[in-house]
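Participant: Take this sequence and fold it.
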Amino acid sequence: MEKFKAIPKGYMTIGEVAKKMGVTVRTLQYYDNEGLLSPSSESEGGRRLYNDKDVIKLYQILSLKHLGFSLDDIKNCLISLDTPADVAKALTEQAAALREKIKTLSESLKEIETLQGEVLQMQSVDFKKYADIIVNLQMKNEFYWLIKHFDDKTLDHFRSRFDKDSGPAMMEVFTRLQGEAIQFQKDGVLPESEKGQNFAKEFWEMLMEFTGGDMSILSKLMEAENFNGPDNEWKQKQGLANAFIEPALGVYFMSLGYNPLEEGRK
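Facilitator: Residues are numbered from 1 along each chain as shown. I've put the predicted structure just below:
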């Protein structure tokens with residue numbers, strides 16, 4: 001790096017460059033320390049001096065930064081962007097990265113707006129439930145809204161039994177069985193038929209796995225059929241499903257010789 005007693009023509013101080021390019025002196029010092037953009041010269045008094053070539057390089061850095069490139073990416077790009085093909089490849093890769101970032105931000109925005117609606121419906125501030133709702137939104141669990149209706153005991157039970165893999169898997173089973181019950185009801189399948197009883201057995205086993213056999217948890221789940229979801233379809237669908245599920249379970253319990261639901265109420 002050359003040294004000058006005075007500032008020669010064609011050179012600018014760090015303050016002048018910062019003002020000209022709309023950045024801070026601290027930013028230029030940081031770029032220098034990171035080896036991204038170092039001044040071409042220095043005065044005998046230790047002042048950093050930049051020339052037109054440095055300013056053009058700074059403009060390139062700021063342009064790439066505006067496009068979303070990280071400083072590490074920019075540091076590598078400025079060395080390797082020698083041909084139009086190099087530039088096009090770098091831009092293609094950056095465009096893909098930005099699309100993914102936009103997708104992530106869009107999903108985050110949707111989750112924030114959904115949580116906002118749930119918060120306004122809750123009667124108290126409960127960050128534990130907020131966290132549960134966020135986790136379930138991230139897992140794409142369409143029943144996230146039920147969380148606000150359950151008490152701490154029920155939610156603690158779910159937290160202890162299910163994780164990000166087993167939770168959605170269990171909800172998939174529930175959704176499938178709910179759909180089957182609705183279809184059986186529409187098709188006139190008899191609850192006492194072989195098909196109806198096979199369904200009842202699978203449904204009851206699903207409930208036992210979901211609740212761990214805790215009848216108090218089961219009673220809370222049964223209350224959920226009266227809740228309305230954000231699309232107002234939950235209560236309607238549960239009503240249609242229960243029109244088949246309840247008599248099918250009744251016949252199934254008779255075959256067992258006892259009614260677990262009645263036992264649980266004692």
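Participant: tell me, how many neighbours does Ile182 end up with?
Facilitator: For Ile182, the count of nearby residues is 20 (other CB atoms under 10 Å). All C-beta atoms are positioned from the backbone trio N, CA, C, and that covers glycine.
Participant: which residues does the closest residue to it other than its chain neighbours contact?
Facilitator: Of all residues not flanking Ile182 in the chain, Leu240 sits nearest, at 4.7 Å (CB to CB, 6 or more residues apart in numbering). By CB atoms under 8 Å, 6 or more residues apart in numbering, Leu240 lies in contact with Ala181, Ile182, Gln185.
Participant: which stretch of helix or strand covers the first one?
Facilitator: According to DSSP states H and E, Ala181 maps onto helix 166-187.
Participant: helices or strands up against that helix?
Facilitator: helix 194-211, helix 234-256 (3 or more CB pairs under 8 Å, 6 or more residues apart in numbering; DSSP states H and E).
Participant: that older thread, with distance to Ser124 as new columns, can the contacts of Leu240 be given to me in JSON lines?
Facilitator: Conversion of those to JSON lines gives the following (distance: CB to CB, whole Å):
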{"residue": "Ala181", "distance to Ser124": "34"}
{"residue": "Ile182", "distance to Ser124": "35"}
{"residue": "Gln185", "distance to Ser124": "38"}
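Participant: May I see the buried residues of the helix or strand hosting Gln116?
Facilitator: Following DSSP H and E, one finds Gln116 within helix 84-121. Across helix 84-121, burial judged by 16 or more other CB atoms under 10 Å covers Ala90, Gln94, Glu111, Thr114, Glu118.
Participant: how about the strands in the stretch 1-150 of the chain?
Facilitator: 2-4, 11-13, 41-43, 48-51 (DSSP state E, counting those that start in this stretch).
Participant: Ok, which of those strands comes nearest His157?
Facilitator: strand 48-51 (63.9 Å; CB to CB).
Participant: which residues touch stretch 141-160?
Facilitator: So stretch 141-160 is contacted by 114, 118, 121-122, 128-129, 132-133, 136-137, 167-168, 171, 175, 211-212, 214, 216-217, 220, 223-224, 227, 229-230 (CB under 8 Å, 6+ apart).
Participant: What's the end-to-end length of that stretch?
Facilitator: Length of stretch 141-160, first residue to last, CA to CA, to the nearest Å: 17 Å.
Participant: burial count for the residue nearest to Ala243 when sequence neighbours are not counted?
Facilitator: Nearest residue to Ala243, sequence neighbours excluded (CB to CB, 6+ apart): Gln185, at 5.2 Å. For Gln185, the neighbour count with other CB under 10 Å is 18.
Participant: Next, the contact list for Gln185, please.
Facilitator: Going by CB under 8 Å, 6+ apart, the list of residues near Gln185 reads Leu240, Ala241, Ala243, Phe244.
Participant: quick check, nearest of those to Asn33?
Facilitator: Closest approach between the contacts of Gln185 and Asn33, by CB to CB: Ala241, at 64.8 Å.
Participant: Can you list the buried residues in stretch 67-79?
Facilitator: Phe69, Asp73, Ile74, Lys75, Cys77.
Participant: Where does the prediction get shaky in the stretch 151-266 of the chain?
Facilitator: For the stretch 151-266 of the chain, applying pLDDT under 70 flags the ranges 262-266.
Participant: one more time with 50
Facilitator: 264, 266 (pLDDT under 50).
Participant: Of the strands of the stretch 1-150 of the chain, flag the one that's most buried.
Facilitator: Of all those, strand 48-51 has the most neighbours on average by mean count of other CB atoms under 10 Å, namely a mean of 22.
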